[in-house]
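Engineer: Fold the following.
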Amino acid sequence: MSTHVDNHTIVHEKTEMINEPRKRVGILGGGFNPVHLGHLVMAEQVYAQLALDEFYLMPTYQPPHVDKKTVIDASHRVAMLELATKSNPHLKVELEEVYREGKSYTFDTMESLIAKNPNTDYYFVIGGDMVDYLPKWYKIDELMKMIQFVAIKRSGFPQTSDYPLIWVDSPRMDISSSLIRQNIQRGCPIKYLVPDNVIDYIQKKDLYRHDN
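Structural biologist: Numbering: from 1, shown residues only. From the prediction side, this is the model:
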């Protein structure tokens, strides 16, 4: 049984796509090994200050420039991210790089996301301490035309760049994933550094107590 679709229907569907309002979406990439409150505060601040529609935390499958021994399987990192964002309706998890596997350049990742979501404007978040490294990013000039970079202000780092960045204030939280892993190995508490449901997951799965 064949289905007939006339030209009027096709034109109508195309017109709806053109008239559809563009979505503004934030992206924060990283190893999230594990996710901590610093990540969540940063995401929430950018989401609110730039009046975005949604914000995605995007875990890498295999973080570049990181010792593989210290990175647990992506399935655990994704599970913890889903727990951490569970209670916040506008914080979500983007699995583009996990599905692709291997190491991904930001250019390749964003090119793929834009192709899948042509009606979305992406705001890619980096720390102010990373701004000076932007000239070394793969295809940075092309990337700058595809997305809007957002830099989180960092004390001790200049708020200047040759690139058109949006600078955002966010409370400085001296928390890192490596600190959390060290605390776990030393038997030190991580409460108030990591969401409670993520702490429960870490304990249940016995993560980070030994070299991974």
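Engineer: helix or strand right after the helix or strand bottoming out on mean pLDDT in the chain?
Structural biologist: Least confident helix or strand of the chain, by mean pLDDT, DSSP states H and E, is helix 7-19 with a mean of 53. Following helix 7-19 in sequence order, the next helix or strand is strand 23-30 (DSSP states H and E).
Engineer: Can you pull the phi/psi pair for residue 141?
Structural biologist: Phi and psi for residue 141, reported as degrees, to the nearest 10, are phi -70, psi -40.
Engineer: Burial check on it, number of neighbours?
Structural biologist: 9 (other CB atoms under 10 Å). For glycine as for every other residue, the C-beta is placed from the backbone atoms N, C-alpha and C.
Engineer: what's the spacing between it and residue 157?
Structural biologist: According to CB to CB, to the nearest Å, residue 141 and residue 157 sit 22 Å apart.
Engineer: Beta-bridge partners for the residue most central in space within the chain, please?
Structural biologist: Residue closest to the average C-alpha location in the chain (CA atoms, centre = their mean): residue 28, at 2.5 Å. Bridge pairing for residue 28 (DSSP bridges) gives the partners residue 57.
Engineer: Pretty sure it sits against residue 42.
Structural biologist: Yes - assessed by CB atoms under 8 Å, residue 28 is found in contact with residue 42 at 6.5 Å.
Engineer: what is in contact with those two at once?
Structural biologist: residue 125 (CB atoms under 8 Å, 6 or more residues apart in numbering).
Engineer: Tell me which stretches of this structure form helices.
Structural biologist: 7-19, 37-49, 74-85, 96-100, 106-116, 140-146, 177-186, 196-205 (DSSP state H).
Engineer: hey, least reliable of those helices by pLDDT?
Structural biologist: Across those, helix 7-19 has the smallest mean pLDDT, namely a mean of 53.
Engineer: Okay, residue 48 and residue 55: tell me how far apart.
Structural biologist: 9 Å.
Engineer: And for residue 159, the neighbour number?
Structural biologist: When neighbours are counted by other CB under 10 Å, residue 159 registers 11.
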